[in-house]
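K.L.:
Build me a model:
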Amino acid sequence: MNYRTSIKRKAQDSDRKSFTLDFSPISNNKGFVRFIDHSEDQERTIGIKVVDQEFKYRVQVEFPTIIADIIDLAVAIQASDRLAPQNFEKKRHINVILPVRHPELMSAEPFQNKLKELLYWATGSHWVFDFQKRKDIERTVEQQLLFATEPRGYEVALWSGGLDSLAGLYTRLKMYPEKRFALFGTGSNPNVHVLQEKVANEVNFIFPGRCDLFRVPVRFEDSGSQQEKKKKNKFSRARGVVFTLLGAACAYLMGQKILYVYENGIGAINLFYRKSALGLDHTRSVHPRTLLMVGEVISELLGENFQVKNPFLFWTKAQMCQALAEDGRSDLALVTISCDSKHRKSEQPTQCGYCSSCLLRRQALTAANIEDKTPYIVLHEQHSEKDRSEYFLNMRKQVHIFAHLLSVSGETNDQWEALTRRYSDLEDIVDQTAIAENLSPSDMQGRLIQLYQSYVAEWKAVESRIAQSFWKNA
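P.N.:
Numbers count the residues shown, from 1 in each chain. Next up, the predicted model:
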């Protein structure tokens, strides 16, 4: 029995939520993946390509083949997570067959274990990889002559075009006037690329010549029916892993062993709101453990230490925006988009104003004394038949819980015990990432307590103003 037959039989016998994705070599055009949904006994072929030509601008003289494999792995994970529907009632079992240049490295047990652990943590799904020897020629960028950039101490950072990436970059530009920044963006939506470029241009106007934008889009061409296309996964929990893997490839090509992520600590850690809302927007895209695990996966393949760092882990979003407020650059924030599910109706604003990302944005801008002129649907509509307050009520409840737990005592040890009794994830973060943060466990505990104290104080100052938008039509 060959491997593919074995996978299919095991998938059908053991779990009706199993999928197999059989990839052709990832290329700049004419690539494809054969997607098999074992629960529905259906199969279709989807076109896929990666547009990685911008990697010709790099510091590395040669394009390392292992970096090309990391790019292929990221593309395969994105396609698999996108195509395989997820409803959290049953575990997904995702079987990936992928041609790579170094199957001996990627099939090794240490790497496989790290990769599976990362993806289970990020997506809640079980992943199995069959890495086969790639026989096709390299992609174009692997063969091109080097268009070398000067090795000027780049800080390479993920670039989404959102408020955190903007505020983080602006703060870092001010903190390190001697540095130059390489901003890495990706995605499959052209509108996202337009946004990324627009925000980067605004920053470059203020800090000329200090930022370079690189994008590596991943494109899909689904020949299936409209009904099949609608079955794609709405949650995409692997998105952060994919973004970080591709960003790591960019960082390495730019001669760096560190990739930076600019994300406020509240959003990065993303504690559950309350026990009755455990599944509500509980993404781990830039969780400290996710970043640590991606770094370990990359390090295992490279054979040398590689890190993914978030310099704003102990900052609130409002604190990140403070540099914009101090310099009178509040207008920059309005260029960004934060909404989890942007609206496209021409008569409505783009951002909803009531999802968790919009609410954190509104809270941060208000707390930073930045006039939020963003047009939100929740402020624009005169009357709504739907209750828009679900996320607000859950976020407000969580803040009240934080306030109660932090008020048990003035002693750090007591506050930490109260917090971790309710949110054990905080204890795990300290245990697993304190060394990577160059902090002692007690120091990291203190920094996290300060983070949540600041967050509670900010909400206390602005809660009534945010609440008005939900009760105006009551």
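
K.L.:
Poorly predicted segments of the chain, please.
P.N.:
Along the chain, the model assigns pLDDT under 70 to residues 1-16, 88, 147-152, 223-235, 274-282, 342-348, 382-385, 472-474.

K.L.:
Looking at it, which helix is longest?
P.N.:
The single longest helix within the chain, with elements called by DSSP state H, is helix 441-471.

K.L.:
now the residue sitting nearest the centre point of the chain, nearest residue through space, not along the chain?
P.N.:
When CA atoms, centre = their mean is applied to the chain, the residue found nearest the centroid is residue 240 (2.8 Å). Excluding its sequence neighbours, the residue lying closest to residue 240 (CB to CB, 6 or more residues apart in numbering) is residue 285, at 2.6 Å. Bear in mind the C-beta positions are built from the backbone N, C-alpha and C, glycine included.

K.L.:
I'd assumed residue 239 was in contact with the one you found.
P.N.:
Yes. Counting by CB atoms under 8 Å, residue 285 touches residue 239, with 6.2 Å between them.

K.L.:
What are the neighbouring residues in contact with residue 307?
P.N.:
Residue 307 sits next to 257, 258, 259, 295, 436 when contact means CB atoms under 8 Å, 6 or more residues apart in numbering.

K.L.:
what's the distance between the first one and residue 308?
P.N.:
Looking back up the chat, that one is residue 257. According to CB to CB, to the nearest Å, residue 257 stands 10 Å off from residue 308.

K.L.:
So these two - more neighbours on which side?
P.N.:
Using other CB atoms under 10 Å, the more surrounded residue of residue 257 and residue 308 is residue 308, with 26 against 15.

K.L.:
SS state for that one?
P.N.:
Here residue 308 takes the strand state, with states given by DSSP: H, G, I helix; E, B strand; the rest coil.

K.L.:
any idea which helix or strand carries the residue lying closest to it once chain neighbours are set aside?
P.N.:
Distance criterion CB to CB, 6+ apart; nearest residue to residue 308, sequence neighbours excluded, is residue 291 at 4.1 Å. Using DSSP states H and E, residue 291 maps to helix 288-302.

K.L.:
CA atoms only for that helix, dumped as CSV, please.
P.N.:
Only the C-alpha atoms of helix 288-302 are listed here, as CSV (Å, rounded to 0.1, in the frame of the first residue of the first chain):
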residue,chain,number,x,y,z
PRO,A,288,4.3,34.8,22.9
ARG,A,289,4.3,31.0,22.7
THR,A,290,3.5,31.1,19.0
LEU,A,291,6.4,33.4,18.2
LEU,A,292,8.7,31.3,20.3
MET,A,293,7.6,28.1,18.6
VAL,A,294,8.0,29.6,15.1
GLY,A,295,11.5,30.6,16.0
GLU,A,296,12.3,27.1,17.1
VAL,A,297,10.9,25.6,13.9
ILE,A,298,13.1,28.0,11.8
SER,A,299,16.1,27.4,14.0
GLU,A,300,15.7,23.6,13.6
LEU,A,301,15.9,23.9,9.8
LEU,A,302,18.6,26.5,9.6
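
K.L.:
Other residues contacting that helix?
P.N.:
66, 69-70, 102, 105-106, 110-111, 114-115, 117-118, 121-122, 240-241, 244-245, 248, 252, 261, 268-269, 284, 305-310, 313, 428-429, 432-433, 436-437.

K.L.:
what angle do it and helix 441-471 make?
P.N.:
120 degrees (axes from the mean of the first three to the mean of the last three CA atoms, to 10 degrees).

K.L.:
tell me which residues in helix 288-302 are buried?
P.N.:
Using 16 or more other CB atoms under 10 Å as the test for burial, helix 288-302 gives 288-302.

K.L.:
any idea which helix or strand carries residue 430?
P.N.:
Assessed by DSSP H and E, residue 430 sits inside helix 424-433.

K.L.:
Sorry, wrong one. I was asking about residue 221.
P.N.:
Counting by DSSP H and E, residue 221 is part of strand 211-222.

K.L.:
Centre of the chain to that strand, how far?
P.N.:
Taking CA atoms, centre = their mean, to the nearest Å, the mean C-alpha location of strand 211-222 is offset from the chain mean by 15 Å.

K.L.:
Okay, buried residues for that strand please.
P.N.:
Buried residues in strand 211-222, counted by 16+ other CB under 10 Å: 211, 212, 213, 214, 215, 216, 217, 218, 220, 222.

K.L.:
Can you lay out those residues as JSON lines showing distance to residue 397?
P.N.:
Formatted as JSON lines, the buried residues of strand 211-222 follow (distance: CB to CB, whole Å):
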{"residue": "211", "distance to residue 397": "40"}
{"residue": "212", "distance to residue 397": "43"}
{"residue": "213", "distance to residue 397": "39"}
{"residue": "214", "distance to residue 397": "41"}
{"residue": "215", "distance to residue 397": "39"}
{"residue": "216", "distance to residue 397": "40"}
{"residue": "217", "distance to residue 397": "39"}
{"residue": "218", "distance to residue 397": "38"}
{"residue": "220", "distance to residue 397": "39"}
{"residue": "222", "distance to residue 397": "40"}
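
K.L.:
Check these against residue 33 and report the nearest one.
P.N.:
Ranked by distance to residue 33 (CB to CB), the buried residues of strand 211-222 are led by residue 220 at 9.0 Å.

K.L.:
between the contacts of residue 307, which is nearest residue 405?
P.N.:
Nearest to residue 405 among the contacts of residue 307 is residue 436, at 25.8 Å by CB to CB.

K.L.:
How is the closest one classified with respect to secondary structure?
P.N.:
Of the three states, residue 436 takes coil under three-state DSSP.

K.L.:
how about the strands in the stretch 101-250 of the chain?
P.N.:
Secondary structure of the stretch 101-250 of the chain, counting by DSSP state E, counting those that start in this stretch: strands at 126-133, 147-148, 154-158, 180-187, 211-222.

K.L.:
Partner strands of the longest one and their direction?
P.N.:
By that I understand strand 211-222. strand 42-50 (antiparallel), strand 180-187 (parallel) (DSSP bridges).

K.L.:
most neighbours per residue, which of the ones you listed?
P.N.:
Most buried of these by mean neighbour count (mean count of other CB atoms under 10 Å) is strand 180-187; its value is a mean of 24.
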